[in-house]
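Student: Quick check, what structure comes out for this input:
(one chain, ligands or ions: 1)
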Amino acid sequence: MRRTRTLAGIGIAATALIALTACNSGSPTIPGGDGGDEGDAPAYEVAQDVQLEGSPTFDAMVERGGPIIGVKEDQPNLGYLDATTNERSGFDIEIARWIAASLGFEESDITYEPIASANREQALVNGDIDYYVGTYSITDSRKEQIDFAGPYFVTGQGFLVAADSEMTEVGDVSDFNGMTVCSATGSTPISNIKENYPEIKTEEYDVYSACVEDLISGKVDAVTTDAAILIGYAAQYPDDVKLLDGLFTEERYGVGLPKGDTALQEHINTLFTDGGDTWQAIFDATLGQSGIEVEQPAVD
Ligand code: GLU
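Tutor: Next up is the predicted model:
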């Protein structure tokens, strides 16, 4: 059976996903991106005297004097590094900062490590990073090597095409049969295409921004990944690309953690559950700037 489901088949997530597409025609801004209005992210209270019994990852952070956090840096509104100001912004970056503060670390204690989709599990297994926050879908196969806290966000696979394309929506992924679609190596969207749609030709890079460049130069027909990511590129290049209506799969974002560190996993899940308005404030200041409306999901 194909793992891809149509929007109608997704059930509970459908409302959130519909909201995501419905607002696609608005005029999104890119916090921290090219010329976007930056919303005000909350100031996180740095916890004092944190004890996290039985967490080797936390012990390593304390010994080092701060966490090393794996992130993305080419995804506007999610995980973005402004090359001019050297500032990081986006929903995932704020989630990463919130977690760090809850563990007792200041922003200046954090080391960010950009890690591509294909290298996330290995970075956690090797201990190169303490945790990863970057559009990281919770999947059973990834859980064989690592653990996840969350989910903290739900989206679905979408498609970005040239702004002058005649397509406006995707009825089924097979609409792209015979075309070339680009995505990131090691991601769930590229696996979906390769495993279930053999008539679609694929192009792969380590980062999505390289796919978007190929789309703009006409080398590929579409870019596919999570709609939450694509909406940021559509905002960055409104004259060149557009996000099609139609979402496939359910992508539940988790915080990647070293396997077996249940103390850290429970700490983060409690933060998400008992965090009051913080999640909403983060969302409103980042992804919500695109005009999308999504509710915080319950943690597993
Ligand atoms: N959420 C998908 C994944 O974890 C696609 C986005 C990404 O590559 O980070 O594979």
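
Student: What segments of this protein are helices?
Tutor: Defined through DSSP state H, the helices belonging to the chain, from first to last, are 14-22, 56-64, 91-102, 120-126, 140-143, 188-196, 208-216, 227-236, 262-274, 278-285.

Student: Lowest average confidence across these, which one?
Tutor: Taking the mean pLDDT of each of the helices of the chain, the lowest value is held by helix 14-22, a mean of 41.

Student: hang on, the earlier thing: the ligand is nearest to which of the helices of the chain?
Tutor: Nearest to the ligand among the helices of the chain is helix 188-196; the distance by Cβ to the nearest ligand atom comes to 3.9 Å. (C-beta placed from N, C-alpha, C; glycine too.)

Student: Give me the residue ranges of the protein where confidence is low.
Tutor: Residues of the chain that meet the criterion pLDDT under 70 lie in 1-39.

Student: Return the residues of it in contact with the ligand.
Tutor: On the criterion Cβ under 6 Å from any ligand atom, the ligand has as its neighbours in the chain the residues S117, G134, T135, Y136, S137, A184, S187, T188, P189, T225, D226, E251.

Student: could I get those as CSV with distance to A100 and neighbour count?
Tutor: Compiled in CSV, the residues of the chain next to the ligand are given as follows (distance: Cβ to Cβ, whole Å; neighbours: other Cβ atoms under 10 Å):
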residue, distance to A100, neighbour count
S117, 22, 23
G134, 15, 25
T135, 18, 25
Y136, 17, 29
S137, 22, 22
A184, 26, 25
S187, 25, 25
T188, 26, 22
P189, 29, 27
T225, 26, 26
D226, 24, 26
E251, 24, 28
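
Student: For S209, state which of those is nearest.
Tutor: Proximity of these to S209 (Cβ to Cβ) peaks at A184, which lies at 9.7 Å.

Student: Now for the closest one: which residues touch it?
Tutor: Shown here is A184, whose contacts under the criterion Cβ atoms under 8 Å, 6 or more residues apart in numbering are A116, S117, A118, I190, E204, Y205, D206, V207, Y208, C211, T225.

Student: you'd agree the fifth one is up against C182?
Tutor: This points to E204. Yes. Counting by Cβ atoms under 8 Å, E204 does reach C182; the two are 7.0 Å apart.

Student: Of the two, which one has the most company?
Tutor: Neighbours of E204 and C182, each counted by other Cβ atoms under 10 Å, are more numerous for C182; the result is 26 against 17.

Student: which ones are touching Y237?
Tutor: Contacts of Y237 were listed using Cβ under 8 Å, 6+ apart, and they are V212, I216.

Student: by how many degrees do the lengthiest strand in the chain and helix 208-216 diverge?
Tutor: Looking across the chain with DSSP state E, the single longest strand is strand 146-162. Between the direction of strand 146-162 and that of helix 208-216, the angle (axes from the mean of the first three to the mean of the last three Cα atoms, to 10 degrees) works out to 20 degrees.

Student: My guess is C182 contacts C211. True?
Tutor: Yes. The pair C182 and C211 passes the contact test of Cβ under 8 Å, sitting 3.6 Å apart.

Student: Now the common contact residues for those two.
Tutor: Between them, C182 and C211 have E203, Y205, V220, V223 as joint contacts when contacts are counted by Cβ under 8 Å, 6+ apart.

Student: Identify the residue nearest the second one in space, chain neighbours excluded?
Tutor: For Y205, the nearest residue in space outside its immediate sequence neighbours is C211; the separation is 5.7 Å by Cβ to Cβ, 6 or more residues apart in numbering.

Student: Next up, the contacts around that neighbour.
Tutor: Under the criterion of Cβ under 8 Å, 6+ apart, the neighbours of C211 are C182, S183, A184, E203, Y205, V220, V223.

Student: Likewise for Y44?
Tutor: Contacts were defined as Cβ under 8 Å, 6+ apart; by that measure Y44 touches R97, W98, A100, A101, S102, T278.

Student: Relative to the centre of this protein, find the outermost residue for me.
Tutor: Seen from the C-alpha centroid of the chain, the residue lying at the greatest distance (Cα atoms, centre = their mean) is D49, 30.8 Å away.

Student: Format the contacts of Y44 as CSV; extra columns: distance to N177 and neighbour count.
Tutor: As requested, the contacts of Y44 are exported to CSV (distance: Cβ to Cβ, whole Å; neighbours: other Cβ under 10 Å):
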residue, distance to N177, neighbour count
R97, 43, 23
W98, 42, 24
A100, 45, 24
A101, 48, 21
S102, 47, 19
T278, 44, 20
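
Student: Thanks a lot, see you next time.
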